[in-house]
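>>> mind folding the following:
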Amino acid sequence: MNRDTSSTPQGLTGRLFCQLQYLLPQHGMSRLVAHLAEAETPWLKNLLIRQAIKRFDIDTSEAVHESLADYSSFNDFFTRALKPSARPIAPDADVVVSPADGIISQCGDITEGRFFQTKGHTYPLTTLVGDEGLACRFHSGTFVTVYLSPRDYHRVHMPVSARLVEARYIPGQLFSVNRATVAGVTNLFACNERLVCTFETQRGAVCVILVGALLVAGIETVWHGHYAPKQPTIEHFDKPLLYDKGAEIGRFKFGSTVIVLLPEHYTLETTVAEEASVKVGESLAKEHF
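Below you'll find the predicted structure:
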């Protein structure tokens, strides 16, 4: 049975943190952090990197570059590449793999076109993806939400081999995406800035949604670069952009969230559950015929 923690000190602190975020200049703070994180002054960027490693217990042994001197800025370190052998990709064609390292904050079925953010808190999938027609393609599908903490590897990879057909940037707020805020802010993922990437496979559409968050200095993709417009934008790709499963497609510059939407003919692995750890390339779901 789940214990109600809303009146505990931890619960009260979480509620206060949620309320405070409504008052914060979210975009201004994030731009300030972005400016600081891009600084290339050696002593400053090394200080920031050392503090992050200590504060978040970051494992640098997997990185291509283990020396601080090899990074031009804090962001260069934060979006570091890993050694090729660090994230093996599950090879079977019917397997969907995790696009990111992190914790599964939620997963399950999309019931009658409604997406759930946390237990007892659902909303129409249309509000998340920004398009009713696209939402209908996942009406009875499956989803997995992966939360990337500051200690995690921050590049995003393809969950399946597919063709990119549309990238829909939706401006929004920059609430934190930690557990307390996800539980306390109504429709958080549909409020925050996000990039909805739609891919086509032989078995239908797959969506990978990159959600911005407080202090996230930007969402980047390999086909566009940095997304920072003030207005919604929709990119259509008539020329085929094909990406193999496991290929890098984007990155965050601080902790955030990736949501994968799958059509109804996929079944989640038994190991995929709330609060489970996951890494790029590990199996999330299998296609059933």
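>>> distance of A100 relative to V146?
5 Å (C-beta to C-beta, to the nearest Å). All C-beta spots, glycine's among them, are computed from the backbone N, C-alpha and C.
>>> mutual contacts of the two, please.
Applying C-beta atoms under 8 Å, 6 or more residues apart in numbering, one finds that A100 and V146 are jointly contacted by V258, V278.
>>> tell me the contacts of the closest residue to P171 other than its chain neighbours?
Closest residue in space to P171, ignoring its immediate chain neighbours: E193 at 5.7 Å, by C-beta to C-beta, 6 or more residues apart in numbering. The neighbourhood of E193, defined by C-beta under 8 Å, 6+ apart, consists of I170, P171, G172, Q173, L174, V211, G212, I219.
>>> do T79 as well
T79 neighbours (C-beta under 8 Å, 6+ apart): H154, R155, R251, F252, K253.
>>> could you pull out the helices for the stretch 151-289 of the chain?
With DSSP state H, counting those that start in this stretch as the criterion, the stretch 151-289 of the chain has helices at 179-184, 188-191.
>>> can you tell me which of the ones you listed the model trusts least?
The stretch with the lowest mean pLDDT among the helices of the stretch 151-289 of the chain is helix 179-184, at a mean of 70.
>>> domain ranges for this protein?
In terms of domains, the chain is parsed into 9-78, 89-287 (source: automatic domain parsing).
>>> most packed of the ones you listed?
Compared across those, domain 89-287 shows the largest average neighbour count, a mean of 19 (mean count of other C-beta atoms under 10 Å).
>>> all helices for the stretch 1-150 of the chain, in order.
Counting by DSSP H, counting those that start in this stretch, the segments of the stretch 1-150 of the chain that form helices are 9-23, 26-37, 42-56, 74-78, 125-129, 132-136.
>>> hang on, the earlier thing: could you dump the contacts of T79 into JSON lines with pLDDT and distance to K279 added?
Below are the contacts of T79 laid out as JSON lines (pLDDT from 0 to 100; distance: C-beta to C-beta, whole Å):
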{"residue": "H154", "pLDDT": "93", "distance to K279": "13"}
{"residue": "R155", "pLDDT": "95", "distance to K279": "12"}
{"residue": "R251", "pLDDT": "91", "distance to K279": "16"}
{"residue": "F252", "pLDDT": "84", "distance to K279": "16"}
{"residue": "K253", "pLDDT": "73", "distance to K279": "20"}
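>>> out of these, list just those in strands.
Restricting those to those inside strands, with DSSP state E as the criterion, leaves R155, R251, F252.
>>> contacts only, for the first one.
This points to R155. By C-beta under 8 Å, 6+ apart, the residues touching R155 are T79, A81, L82, A100, E248, G250, R251, V280.
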